[in-house]
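**Student:** Any chance you could fold what I've pasted below:
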Amino acid sequence: MRLLIPVALLYGCGDGETAANQTQPAPTTAIATPVDTNSTANAAVAAAPPYPTPPKPLVSRETPPPRPAPPDYRAIGTEPFWAVTIRGSTATLERPDQVPLRFAVRADGDDKAVRYQGEGFAMTLTPGPCSDGMSDAIWSDRVQVAFGEGTLKGCGGERDAMREEVP
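**Tutor:** This is a model prediction of the structure:
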């Protein structure tokens, strides 16, 4: 009895016909053939070289990415730490643990100071030696930055390597 049930199941699984979802063999006859085997168009296609491969770039994994252009002006400050970079008509204020703030600015000035001003931002540069208070470097300009959260003071412009005298 135990043997009859599996045999009966196998016997009832099909009637010998091909199911609709089974794959049929592909036809063996060609689908398309050239009309004229001696035509110049067929010969040109057959003689055409394969598509050229574009040349590989001359960059290796060890090649560092290109450095950004130097800023038009850079200023820094301590207590609290901050930095302002001017590139073209954009001033970027960066502070630790804060999202950088960008301002559209325009420059104007006179013989006493240069000012970068924009909506919610003003930076004044006055010539004269400036010490950042943490290094022995002397900077060419004194800088004051006013923006929505207050005023920051620091140094900017050209940096001398070592402090010779502090005025």
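
**Student:** where exactly do the helices run in the chain?
**Tutor:** Here the chain has its helices, by DSSP state H, at 4-11, 40-47.

**Student:** so D72 makes contact with T90?
**Tutor:** No: applying CB atoms under 8 Å as the test, D72 and T90 come out as separate, 9.6 Å apart. For the C-beta atoms, the positions are set from N, CA and C on the backbone; glycine is no exception.

**Student:** follow-up on the earlier one: compare the mean pLDDT across the helices of the chain and name the weakest.
**Tutor:** The minimum mean pLDDT among the helices of the chain belongs to helix 4-11 (a mean of 48).

**Student:** Can you give me the distance of V143 to I76?
**Tutor:** Using CB to CB, to the nearest Å, one obtains 8 Å as the distance from V143 to I76.

**Student:** Quickly list what's touching both of those two.
**Tutor:** V84, G154, C155, G156 (CB atoms under 8 Å, 6 or more residues apart in numbering).

**Student:** Closest one of those residues to R106?
**Tutor:** V84 (15.0 Å; CB to CB).

**Student:** Touching, the closest one and R95? I think so.
**Tutor:** No: applying CB under 8 Å, one finds V84 not in contact with R95, separated by 10.0 Å.

**Student:** between the two, who's got more neighbours?
**Tutor:** Between V84 and R95, counted using other CB atoms under 10 Å, V84 has the larger neighbour count: 26 against 15.

**Student:** So what pairs up with that one in the strands?
**Tutor:** Beta-bridge pairing for V84 (DSSP bridges): A75, L93.

**Student:** Check the gap between it and T53 for me.
**Tutor:** Taking CB to CB, one finds V84 at 48 Å from T53.

**Student:** Mind listing what's buried along stretch 132-151?
**Tutor:** D132, I138, W139, D141, R142, V143, Q144, V145, F147 (16 or more other CB atoms under 10 Å).

**Student:** Dump these into TSV; add pLDDT and distance to P80 as well.
**Tutor:** As requested, the buried residues of stretch 132-151 are arranged in TSV below (pLDDT from 0 to 100; distance: CB to CB, whole Å):
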residue	pLDDT	distance to P80
D132	81	13
I138	92	21
W139	93	18
D141	94	20
R142	96	17
V143	96	14
Q144	96	14
V145	96	12
F147	94	13
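
**Student:** Make a markdown table out of those and add distance to L125.
**Tutor:** Output for the buried residues of stretch 132-151, formatted as a markdown table (distance: CB to CB, whole Å):
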| residue | distance to L125 |
| --- | --- |
| D132 | 15 |
| I138 | 15 |
| W139 | 10 |
| D141 | 5 |
| R142 | 7 |
| V143 | 6 |
| Q144 | 8 |
| V145 | 10 |
| F147 | 15 |
